[in-house]
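S.K.: Give me a model of this one.
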Amino acid sequence: QNPFPIENRDVLGETQDFHSLATYLSQNTSSVFLDTISDFHLLLFLVTNEVMPLQDSISLLLEAVRTRNEELAQTWKRSEQWATIEQLCTSRVAGITDVYHHTWRCHLYAQLAGSSQVSMSTAPSGAPHTRPLQPCGPVSTARS
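M.R.: Below is the predicted model of the structure:
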């Protein structure tokens with residue numbers, strides 16, 4: 001398992017966000033939540049992120065990590081805060097996919113402005129398929 005990205009390394013391509021958190025959690029092979037959540041950089045992200053402020057609820061998790069208490073960690077995992085974080089991870093991953101499709105279509109539209117159909121054989125799924133080409137803008141973020 002790769003560690004959670006280190007803070008302040010955006011320039012190096014290491015970003016701390018809910019997409020990277022979702023990636024980190026999805027590659028986790030441990031069934032012990034405490035092992036997963038004990039990464040220092042992950043804890044720092046959870047404490048300092050502005051999307052889901054946790055200052056009022058993080059003390060239980062930090063105590064669980066400090067004392068290596070899996071039961072306390074599981075209690076925090078059942079909290080409303082962790083459920084919200086999991087939702088943010090899911091929505092951020094879906095949002096990244098939408099942004100990717102939007103960027104892909106905008107690139108194609110700029111390259112092939114006169115065409116009404118474009119074969120996207122290198123689409124994210126890897127399967128060749130054809131989609132109607134849409135101009136850049138809000139309408140192009142909808143999945144077709």
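S.K.: name the helices or strands packed onto the helix or strand hosting L21?
M.R.: Using DSSP states H and E, L21 falls within helix 18-26. Here helix 18-26 touches helix 40-48, helix 80-111, going by 3 or more Cβ pairs under 8 Å, 6 or more residues apart in numbering; DSSP states H and E. (C-beta placed from N, C-alpha, C; glycine too.)
S.K.: try it again with 6 Å
M.R.: helix 80-111 (3 or more Cβ pairs under 6 Å, 6 or more residues apart in numbering; DSSP states H and E).
S.K.: average pLDDT for the helix it packs on?
M.R.: The pLDDT scores in helix 80-111 average 64.
S.K.: Then stretch 61-69?
M.R.: Here stretch 61-69 scores 98 as its mean pLDDT.
S.K.: just to revisit the earlier point, can you list the buried residues in the helix holding L21?
M.R.: Residues of helix 18-26 classed as buried: F18, H19, S20, L21, A22, T23, Y24 (neighbour count, 16 or more other Cβ atoms under 10 Å).
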